[in-house]
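>>> need a 3D model of the following:
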Amino acid sequence: MQFTLAATDSKSSARAGELKTAHGSIQTPIFMPVGTAGTVKAVHQRELKNDINADIILGNTYHLYLRPGVDTLQKVGGLHKFNGWDRPILTDSGGYQVFSLSDRRKITEKGAVFQSHIDGSKHLFSPETVMDIQRKIGADIIMAFDECTPWPCDFTYARKSMEMTHRWLDRCIAQLEISPELYGYEQNLFPIVQGSTNDDLRKESAEYIASRNLAGNAIGGLSVGEPAEDMYRIADLVCRILPQDKPRYLMGVGTPENILEGIALGIDMFDCVMPTRNARNGMLFTSEGIINIRNEKWKNDFSPVDPMAHTYVDGDYSKAYLRHLFIGSEYLAGMIASVHNLGFYLWLVREARKHIIQGDFASWKEGMVKKVKQRL
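So this is what the prediction gives:
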């Protein structure tokens, strides 16, 4: 994998780059649609490619391990062959899903024992098993197994968890060294910086992660309930430590405002279920602000959902029509809204890239943040 910087912003830490993988190139900054179980909910692959033009999508180790199972994925030749996606894929290690099963799991030095949310069966995720599973899934970018601490989190627990995450990382690296790729192309491991919202712990973790000199680096344990100011402070601190010549991935973030602020701090990669999850509930993100399309005020509004929509989606639907679909509980409502929101997110990061290269990112971002966070 190769990462090169095309431009940097003189008034912020924003960067525009290119990440080359075995399945294609990724223009950064990038937002990655979340395809948890091998599918981005309510979105066809052709829409991801042709309408949204996503450079990369995510899969999730926890969900794919439970269903359809890694044996099935290995028989077909990995997730790319299984779901027909021929562009890059990143897989989350499952650490966050294990974290979210707080009443169904037990974490020890060995790993995490958890109960399946499907049938209650017990399973073990360890650094070794998670690396083996991700080998079989076959993503281009794979994540180290970590513990995602809750917020708030006391210092003692956060330190112990961070130190265990570092030991788990070393075990992940060792396991990959004895288990080669299965499908004839390179897989790249990203470690994860932890340490809750404590500056000293985050500094220590970022330095340890940077010392491992892996292909890219991720920042985890944020967007778990902490104030946005804490998230930005930690992201800024960590980005100042992580190497400039490696991509930086802020996991699970977030709103359009979060993404713009993250780009300004030097983040290159983002993912979040928000654009599709909120779309299915009628929340639309636009270049002018946030719309609850179920509201009565849109009943006779025949203007496009977003005046910029024609630039990032194929199909210029009116607010009135989309509201009609939601009120009538039509399946098409969630599909159109999901494509719209993903299209907007990809448009937003590509506009950011354009302005970084043009040299006016900071002023553009200031005006755009005010727009995208307002309710219409």
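>>> from now on I want contacts and neighbour counts done on CA atoms only, so please keep to that.
Will do.
>>> might you report the residue contacts of Asp199?
Ile234, Leu237 (C-alpha atoms under 8 Å, 6 or more residues apart in numbering).
>>> residues near Pro191, how many?
Here the number of neighbours of Pro191 (other C-alpha atoms under 10 Å) works out to 32.
>>> my guess is it contacts Met143. True?
Yes. The pair Pro191 and Met143 passes the contact test of C-alpha atoms under 8 Å, sitting 6.2 Å apart.
>>> how about the strands of the stretch 1-150 of the chain, start to end?
Here the stretch 1-150 of the chain has its strands, by DSSP state E, counting those that start in this stretch, at 2-8, 15-21, 24-28, 30-32, 57-60, 89-92, 105-107, 112-115, 122-125, 141-143.
>>> can you tell which of those strands is closest to Met251?
Of all those, strand 89-92 sits nearest to Met251, with 9.2 Å by C-alpha to C-alpha.
>>> what does that closest one contact?
Strand 89-92 has contacts (C-alpha under 8 Å, 6+ apart) with 56-61, 80, 134, 139-143.
>>> over to stretch 303-320?
Against stretch 303-320 from outside (C-alpha under 8 Å, 6+ apart): 51-52, 286-288, 293, 298-302, 339-340, 343-344, 346-347.
>>> do stretch 94-109 as well
Here stretch 94-109 makes contact (C-alpha under 8 Å, 6+ apart) with 60-63, 112-115, 145-149, 164.
>>> for that stretch, which positions count as buried?
Gly94, Gly95, Tyr96, Val98, Phe99, Arg105, Ile107 (16 or more other C-alpha atoms under 10 Å).
>>> likewise stretch 65-78?
Tyr65, Leu66, Gly69, Val70, Thr72, Leu73, Gln74, Gly77, Gly78.
>>> show me where the stretch 51-200 of the chain has its helices.
Using DSSP state H, counting those that start in this stretch, the helices of the stretch 51-200 of the chain run over 61-66, 70-76, 79-83, 95-100, 127-137, 155-178, 199-211.
>>> what's the closest of those to Ala7?
Closest approach to Ala7 among the helices of the stretch 51-200 of the chain is made by helix 199-211 (22.2 Å; C-alpha to C-alpha).
>>> quick one: buried residues of that closest one?
Quick answer for helix 199-211 (16+ other C-alpha under 10 Å): Leu201, Arg202, Lys203, Glu204, Ser205, Ala206, Glu207, Tyr208, Ile209, Ala210.
>>> again with stretch 237-244
Those would be Leu237, Val238, Cys239, Ile241, Leu242, Pro243, for stretch 237-244 by 16+ other C-alpha under 10 Å.
>>> state the mean pLDDT of it.
Averaging pLDDT along stretch 237-244 gives 98.
>>> just the CA atoms of it, as CSV, please.
C-alpha atoms of stretch 237-244 as CSV (Å, rounded to 0.1, in the frame of the first residue of the first chain):
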residue,chain,number,x,y,z
LEU,A,237,-3.1,15.9,19.9
VAL,A,238,-2.8,12.5,18.3
CYS,A,239,-2.4,13.8,14.7
ARG,A,240,0.5,15.9,15.9
ILE,A,241,2.3,12.7,16.9
LEU,A,242,1.3,10.1,14.3
PRO,A,243,3.6,10.2,11.2
GLN,A,244,2.8,12.6,8.4
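>>> turn the strands of the stretch 1-150 of the chain into a markdown table, including mean pLDDT and distance to Phe326.
Formatted as a markdown table, the strands of the stretch 1-150 of the chain follow (pLDDT from 0 to 100; distance: least, C-alpha to C-alpha, whole Å):
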| stretch | mean pLDDT | distance to Phe326 |
| --- | --- | --- |
| strand 2-8 | 98 | 42 |
| strand 15-21 | 98 | 38 |
| strand 24-28 | 98 | 34 |
| strand 30-32 | 98 | 26 |
| strand 57-60 | 96 | 27 |
| strand 89-92 | 97 | 31 |
| strand 105-107 | 88 | 37 |
| strand 112-115 | 91 | 35 |
| strand 122-125 | 94 | 39 |
| strand 141-143 | 98 | 36 |
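>>> can I get these in CSV with distance to Arg233?
Shown next, in CSV, are the strands of the stretch 1-150 of the chain (distance: least, C-alpha to C-alpha, whole Å):
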stretch, distance to Arg233
strand 2-8, 20
strand 15-21, 18
strand 24-28, 22
strand 30-32, 21
strand 57-60, 26
strand 89-92, 24
strand 105-107, 28
strand 112-115, 30
strand 122-125, 31
strand 141-143, 23
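>>> what comes into contact with stretch 169-176?
By C-alpha under 8 Å, 6+ apart, stretch 169-176 touches Pro127, Glu128, Met131, Asp132, Ala144, Phe145, Asp146, Pro191.
>>> do that again at 7 Å, thanks
By C-alpha atoms under 7 Å, 6 or more residues apart in numbering, the surrounding residues in contact with stretch 169-176 are Pro127, Glu128, Met131, Ala144, Phe145, Pro191.
>>> what's the burial count for the second one?
Right, the one you point to is Glu128. Glu128 is flanked by 21 other residues according to other C-alpha under 10 Å.
>>> wait, what's in contact with the most centrally placed residue in the chain?
Closest residue to the average C-alpha location of the chain: Asp271 at 1.9 Å, with C-alpha atoms, centre = their mean. Neighbour list for Asp271: Phe31, Met32, Pro33, Val34, Met251, Gly252, Val253, Gly254 [criterion: C-alpha under 7 Å, 6+ apart].
>>> and it, what are its bridge partners?
As for beta bridges, Asp271 partners with Met32 under DSSP bridges.
>>> any idea how far Leu346 is from it?
11 Å (C-alpha to C-alpha, to the nearest Å).
>>> shared neighbours of those two, anything?
Phe31.
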